[in-house]
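**Q** Below: sequence and its predicted model.
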Amino acid sequence: MDLSFLVRGIVIGFSIAAPVGPIGVLCIRRTLADGRAAGLATGLGAATADAIYGCMVAFGLTALTDWLVGGQTWIRLVGGAFLLYLGIRTIRAKPAERAARMRGSGLLGAYLTSFMLTITNPMTILSFVAIFATIGIGTSPSEPLAAASLVLGVFLGSALWWLTLSGTVGMLRSRFDMTRLGWVNRISGGIITAFGLAALLSLTRA
């Protein structure tokens, strides 16, 4: 284990996950509605996708990376359409009087949803290509141990951010009554829908 690359990976993973986009909004909304476990599962789905993209870049999987970058049109189409569906569904969702206990399929569904949204965001892999290039990973043959340490760090850094976000929001959850949760659904659903529209509109400029 290369500790220096592990630490770099943690910083990179945390930095890429931290900006509040559709996954962040979804994590906040699910934490408020269904509890910390649902919010954390949502974040871990994104962290897994981050680690996969980081692995592709770190180990120099050039052909696959180029294919994904070149396929931005259909990736944005799928991701944008899914965001629209998710946003409208969130707006129409009625807050439950009591948070559901998320188990099994519920937590798996939260995990898979955010995984799909992150893996269909072409900006994610472009971010890793740019960042890894500055530290000399992925652009030339690198030691497998260093690359593996970096990828592990990316996952841990991303997971750390989602643990922090879901934990912080979870502490505020008791302050949200039915009315406030209803507004959380409408606002978060509107934001997610806006991200979906932006992704689809970007296709007209591609």
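**A** Yes, it's here.
**Q** where do the helices sit along the chain?
**A** For the chain, helices defined by DSSP state H occupy the ranges 3-17, 22-34, 36-58, 62-70, 72-92, 104-119, 122-134, 144-172, 178-201.
**Q** Quickly, which of these bottoms out on average pLDDT?
**A** When these are compared by mean pLDDT, helix 62-70 comes last with a mean of 58.
**Q** Okay, the residue nearest the centre of the chain and Val154: tell me how far apart.
**A** Compute the mean C-alpha point of the chain, and by C-alpha atoms, centre = their mean the closest residue is Ala46, 3.2 Å away. Noted for Ala46: a distance of 11 Å to Val154, by C-beta to C-beta, to the nearest Å. Every residue, glycine included, has its C-beta placed from N, CA and C.
**Q** mind checking how far the residue nearest to the centre of the chain is from Leu201?
**A** Using C-beta to C-beta, one gets 23 Å for the distance from Ala46 to Leu201.
**Q** Near the closest residue to Ala49 other than its chain neighbours, how many residues? Count them for me, please.
**A** The spatial neighbour of Ala49 that comes closest, neighbours along the chain excluded (C-beta to C-beta, 6 or more residues apart in numbering), is Thr118 at 3.6 Å. Other residues near Thr118 number 24, with proximity taken as other C-beta atoms under 10 Å.
**Q** so Thr118 touches Asp50, yeah?
**A** Yes - counting by C-beta atoms under 8 Å, Thr118 does reach Asp50; the two are 6.7 Å apart.
**Q** which neighbours do the two share?
**A** Thr124 (C-beta atoms under 8 Å, 6 or more residues apart in numbering).
**Q** Any idea how many residues pack against the closest residue to Arg30 other than its chain neighbours?
**A** The shortest distance from Arg30 to any non-neighbouring residue, by C-beta to C-beta, 6+ apart, is to Ala38 (4.3 Å). Neighbour count for Ala38, taken as other C-beta under 10 Å: 27.
**Q** do you know how far Ala38 is from Leu156?
**A** 21 Å.
**Q** which residues does the residue nearest to Ala49 contact?
**A** With C-beta under 8 Å, 6+ apart, Thr118 has these contacts: 23, 45-46, 49-50, 124.
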